[in-house]
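K.L.:
Quick one: sequence and predicted model below, then my questions.
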Amino acid sequence: MDDSQRVGSWRELGSHCGTAVVLAGGVLVGAVNIYLAASLLPTAVADIGGERLYAWNTTVFLTAQVVATMLVSRVLARRGNTGSYLVGFGLFTVGSVVCAASPAMPVLLVGRGVQGLGAGLSTGLGFALIHSALPRHLWVRGSALISAMFGLGNFVGPALGGLFAQFGSWRPAFVVLAVASGVMAAFVPRVLPGGHRAEAEAVPVPLGSLTLVIGAAGAVSVAGTLSDKVARVAFIALGLALVVAFGLAEKRSPVRVLPRATYRSGSTLRWVYLTIAFLAAGVAVETFLPLFGQRLGGLPPVAAGFFGAALSLGWSASQVVSSSARRQRTVRRLRVAGPGLLAVGLAVLAVLQRRDAPLLLVLAWLPVLLLAGAGIGLAMPHLSVAAMAGASDEEEGEKAAASIATVLTMSTAFGAAVAGLLVNLGRPSMVASARCLLLGFAALCALGMLTALRSDRLAGPQRPRPAARRT
């Protein structure tokens, strides 16, 4: 079995321990921050005011994160692996310190923006590092590790944020984030290969694409803050229009964010990215699951929060099984089955929603959520590898890997806006809101099966590819 077909073991990934710790740590810190900050914001507003700017915390963070993922290739070209990670962790540390010391909400927003730049850069670098610093047969394990960090962050973030909020200590929580990021930064030069540096002019900034993506991310983030249905639909439509404009501009421009293969006729890459987008968007239902648990299931806040994180727990746990798949037929089936399992799980959960639901029915939500989350874990590592292997050369492969983070963050922003819209459609009935949300996202995730099937048909028989360059 050649290196392009073999799947390395977790023990073999352990021989690259330093690289694995850095790529996992960069993703985990950013993932924890999203939900930790959401848990802390009510306490922060009570302390420093700025309730009118409350919703902009998420908007600023997500927009900065998307922008940073688009600049990964340029930063790598200028500073190499080690220098790029130091920039990413450094920005996140500075942003966390600014948040912790904020005397007013506008300052906190600045800190959140700097945090978003650091988190986006670290996340994009994680995928790029898998491609450049790990051998080809460990890409699945590396991708599974990153995917598990997203799920773990979604699980740990609310719990940690709730703990600090319980004691009214929101500033120390940001200090903890700063310390964790600083420790990771100190760890980087000792364990990470420096990587190749190129001249800065070799990777120009795609200003046109960048402007359109900032506009799209900002539009959908604002949509998530609006209560008026018409205005929310208008901003989501604006965001989609800007994404379409982004695709058209990228196709014609010599300076691109996504790899050239994304826009090539007959390429699998666009369908792989779309499948990743549908899976990532489905995670947006987590935001409202604690609300449904409390209002419909009568659960206490702590238990409701655990139900909200069950999707991520299933996502993280399924990585171990999924990443061991070796046969190409099995891998292709997992890529299709993942979105299907997530869609079925959300649809079944919609059917189980009842007002004043009995305890046994509420307990039945948990295995359904775990299975739905497992759909993400079954497919995501193999989709990430398919994206990395879908480019034509080493440079494009690195860009394809880093672009996974751009797709993920954009999908998260769109998912959050659409989730808010669907919940509002069902009001004033909480049962109707829950069913609108869950059935809507079940349909959305089911589209991921179609895009996965399309990518598999275009791929045809798997051809061996050369091993990745080791740096």
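P.N.:
That came through fine.
K.L.:
how about the nearest residue to residue 339, chain neighbours excluded?
P.N.:
Closest residue to residue 339 apart from its sequence neighbours, by C-beta to C-beta, 6 or more residues apart in numbering: residue 448 at 3.0 Å. Heads up, the C-betas are built off the backbone N, CA and C, glycines and all.
K.L.:
and the gap between that neighbour and residue 375?
P.N.:
9 Å (C-beta to C-beta, to the nearest Å).
K.L.:
what do those two both touch?
P.N.:
Listed as contacting both residue 448 and residue 375 by C-beta atoms under 8 Å, 6 or more residues apart in numbering are 279, 338, 339, 340, 342, 343.
K.L.:
Neighbour-wise, which one of these leads?
P.N.:
Each of these was scored for neighbours by other C-beta atoms under 10 Å, and residue 342 scores highest at 34 neighbours.
K.L.:
right, and it touches residue 372 too?
P.N.:
Yes. The pair residue 342 / residue 372 is scored as a contact, 5.2 Å apart, by C-beta atoms under 8 Å.
K.L.:
Enumerate every residue touching residue 38.
P.N.:
Shown in contact with residue 38 (C-beta under 8 Å, 6+ apart): 58, 157, 158, 161.
K.L.:
Tell me where the model's unsure across the stretch 301-450 of the chain.
P.N.:
The model of the stretch 301-450 of the chain has pLDDT under 70 over residues 301-302, 391-395.
K.L.:
actually the stretch 151-300 of the chain, not the one I wrote
P.N.:
193-204, 224.
K.L.:
hey, where'd the helices end up in it?
P.N.:
For the stretch 151-300 of the chain, the helices defined by DSSP state H, counting those that start in this stretch occupy 170-191, 207-223, 229-252, 269-282, 289-295.
K.L.:
and the last one, which residues are buried?
P.N.:
Which is helix 289-295. 289, 290, 292, 293, 294, 295 (16 or more other C-beta atoms under 10 Å).
K.L.:
coming back round to it: out of the helices of the stretch 151-300 of the chain, nearest to residue 44?
P.N.:
Closest approach to residue 44 among those (C-beta to C-beta): helix 170-191, 4.7 Å.
K.L.:
contact partners of that closest one?
P.N.:
Contacts for helix 170-191 (C-beta under 8 Å, 6+ apart): 17-19, 21-22, 25-26, 29, 32-33, 36, 40, 43-44, 47, 82, 85-86, 89-90, 92-93, 96-97, 99-101, 111, 118, 160-161, 164.
K.L.:
In that helix, which of the residues would be classed as buried?
P.N.:
In helix 170-191, counting by 16+ other C-beta under 10 Å, buried: 170-171, 173-174, 177-178, 180-182, 184-185, 187-188.
K.L.:
Quick one: the strands in the stretch 51-200 of the chain, in order.
P.N.:
Shown for the stretch 51-200 of the chain, no strands are assigned by DSSP state E, counting those that start in this stretch.
K.L.:
Kindly report the same for the stretch 301-450 of the chain.
P.N.:
Under DSSP E, counting those that start in this stretch, the stretch 301-450 of the chain gives no strands.
K.L.:
Spit out the contact partners of residue 146.
P.N.:
Counting by C-beta under 8 Å, 6+ apart, residue 146 has contacts 23, 24, 27, 126, 127, 130, 384.
K.L.:
Tally up the residues packed near the closest residue to the last one other than its chain neighbours, please.
P.N.:
Same thing as residue 384. Residue nearest to residue 384 in three dimensions, not counting chain neighbours: residue 143, with 3.7 Å by C-beta to C-beta, 6+ apart. Residues within reach of residue 143, counting by other C-beta under 10 Å, total 30.
K.L.:
got it, and residue 10?
P.N.:
Other residues close to residue 10 by other C-beta under 10 Å number 14.
K.L.:
how near is it to residue 140?
P.N.:
Separation of residue 10 from residue 140 (C-beta to C-beta) stands at 11 Å.
K.L.:
picking that back up, would you agree the residue nearest to residue 339 is in contact with residue 280?
P.N.:
No. In this structure residue 448 lies outside contact range of residue 280 using C-beta under 8 Å: 9.7 Å.
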